[in-house]
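Asker: I would like the atomic coordinates for the input below:
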Amino acid sequence: MAQPPVVIKFFAPVADATINALMQVIDQQMGRGVRQFKLLISSPGGSVFHGLSAYNYLRGIPVEITTHNFGSVDSIGVVLFCGGQRRLSVPQARFMLHGASARFRNEQLEEKQVEERLMGLRIDMENIAKIVAANTGKSEADVVQAMHDRLTLNPQEARAWGLVHDIQGELFPAGSQVISIQYQQNKPGAQQRPVVRQEQ
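Answerer: Numbering: from 1, shown residues only. Take a look at the predicted model:
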């Protein structure tokens, strides 16, 4: 008899600590023989580097993954969402695409360094557009334009766009194993840390 999917609730930004926690949880569960996962996502986005890495990881491992938007999936969170072979959304949710950005924080950059940053942003845009296009049937040019337009979609629009396969309010059946990944609220200025907790 096949094992039921393990449910992972990812209620966090896409960052070094949270994506490492996600991959560790999946690795541990695969070590126990789990081959089906349901990844619930509500994320404001975050690091392009970690979002692309997470997508390639989810698509490269020998398991079935369903992703389910249970709130907002924004920015690079859309790429994480595309890591599911099957993609769902609750009826009251949103998706938002926008371009890549870089922070400078009073850095003094030479012309060559500015060119390097700009080239990096263009490559990030290309990679994001390739992933979203491959999973929606849109052209890369259409996805890039959507990113420039800061496209925001409700679940019905996301389904018409090819990003969502189905709209479902139920997240998981009673008795499911649920593992939660979220950021712990620390004192101002303190480093945020992910909290990984077995909920059921």
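
Asker: What is the helix or strand hosting residue 7 packed up against?
Answerer: Here residue 7 sits within strand 6-11, counting by DSSP states H and E. For strand 6-11, the elements it packs on are helix 16-31, strand 36-43, strand 178-183, judged by 3 or more C-beta pairs under 8 Å, 6 or more residues apart in numbering; DSSP states H and E. Using the backbone N, CA and C atoms, a C-beta is placed for each residue, glycine as well.

Asker: let's see 10 Å
Answerer: helix 16-31, strand 36-43, strand 64-74, helix 77-81, strand 178-183, strand 194-198 (3 or more C-beta pairs under 10 Å, 6 or more residues apart in numbering; DSSP states H and E).

Asker: quick one: average confidence on that strand?
Answerer: Confidence over strand 6-11 (mean pLDDT, whole number) is 98.

Asker: Pull the distance from it to the chain's centre.
Answerer: 12 Å (C-alpha atoms, centre = their mean, to the nearest Å).

Asker: I'd like the C-alpha coordinates of it written as CSV, please.
Answerer: The C-alpha trace of strand 6-11 is given here as CSV (Å, rounded to 0.1, in the frame of the first residue of the first chain):
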residue,chain,number,x,y,z
VAL,A,6,3.7,14.2,3.5
VAL,A,7,2.4,17.7,3.8
ILE,A,8,4.9,20.6,4.1
LYS,A,9,3.5,24.0,5.0
PHE,A,10,6.0,26.6,3.7
PHE,A,11,4.8,29.9,5.3
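
Asker: Centroid-nearest residue for the chain?
Answerer: Of all residues in the chain, the one closest to the mean position by C-alpha atoms, centre = their mean is residue 80, 2.3 Å from it.
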